[in-house]
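>>> Need coordinates for the below:
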Amino acid sequence: MWFGTSYPAADPEASAARLKAEAGRVLEEARLPPGTRPVHNGVETGTCYHRGLRSLAHIDQGRPDVRSFELSWQVTGVPEKTAADAQERTRRRLTAAGWTRVPESGGERGFRFEHPDSGDKVDVGWWEPTGTYAVSVYAPCGRLPEGFDPYHWTSAEWFPGAAARHRPEPSGAAGTGPHRLRHILIAEPWETPP
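Have a look, this model is predicted:
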């Protein structure tokens, strides 16, 4: 009662990988004109608060051992029709994959979906005055592993359009065997519609 329900353990690496993958999918679905570059900050951590009665003793004080994760990107000058079509592609995919629309809005002309298992959320919105198409992907609060430093965390970096994939090397390739896979970074031209 004093501490409330404990937060689940967080895996920052897995959370970052999920958020980057989802942000990349939504970016591909936007089908923005070639050369369009989204403004983004990579994966960032957010403040989480005490639960239970202890929250009354620590009003507005975040817990240093518990954080949420977020990856946001935006592009300005997106025409309304382009934004509406992009949102419809994302909405259809999330619905088909079992995500649930939640009442919290993604802003003006937007929406928010939540994953039933992970609790991850996707916000997609469009703002008419500037034609800003904005996307935020969130992972819920969780207890950080000991030694995790959100300010020196290389997995937080995000390069739109680059996807880490596993591709089997041909048998006999230097340093590989027939059953060994190597990680190869493949840069995909995200400017080009899929």
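>>> My guess is Val78 contacts Gly125. True?
No - counting by Cβ atoms under 8 Å, Val78 does not reach Gly125; the two are 11.0 Å apart. C-beta: built from backbone N, CA, C; applies to glycine.
>>> Now do the shared contacts for those two.
Taking Cβ atoms under 8 Å, 6 or more residues apart in numbering as the criterion, Val78 and Gly125 both touch Tyr133.
>>> Just the local confidence number for Arg93, please.
pLDDT for Arg93: 98.
>>> tell me the contacts of it?
25, 29 are the contacts of Arg93 under Cβ under 8 Å, 6+ apart.
>>> doesn't it fall inside a helix?
Yes - Arg93 forms part of a helix when assessed by DSSP: H, G, I helix; E, B strand; the rest coil.
>>> Report the separation between it and Ala86.
Distance from Arg93 to Ala86, counting by Cβ to Cβ, to the nearest Å: 11 Å.
>>> tell me the mean pLDDT for the helix ranked longest in the chain?
Determined from DSSP state H, the single longest helix within the chain is helix 12-30. When pLDDT is averaged along helix 12-30, the result is 95.
>>> before we move on, what about stretch 50-60?
For stretch 50-60, mean pLDDT rounds to 58.
>>> Where do the helices of this structure begin and end?
12-30, 54-57, 80-96.
>>> so which of the ones you listed is the most packed in?
Mean neighbours per residue, mean count of other Cβ atoms under 10 Å, is largest over those for helix 12-30, with a mean of 20.
>>> Contacts for it, please.
Outside helix 12-30, the residues touching it (Cβ under 8 Å, 6+ apart) are 38, 40, 43, 69-71, 73, 75, 78, 82, 86, 89-90, 93, 118, 120, 122, 124, 133, 135, 137-139, 142, 144-145, 148, 150, 153, 155-156, 158, 160-161, 163, 190, 194.
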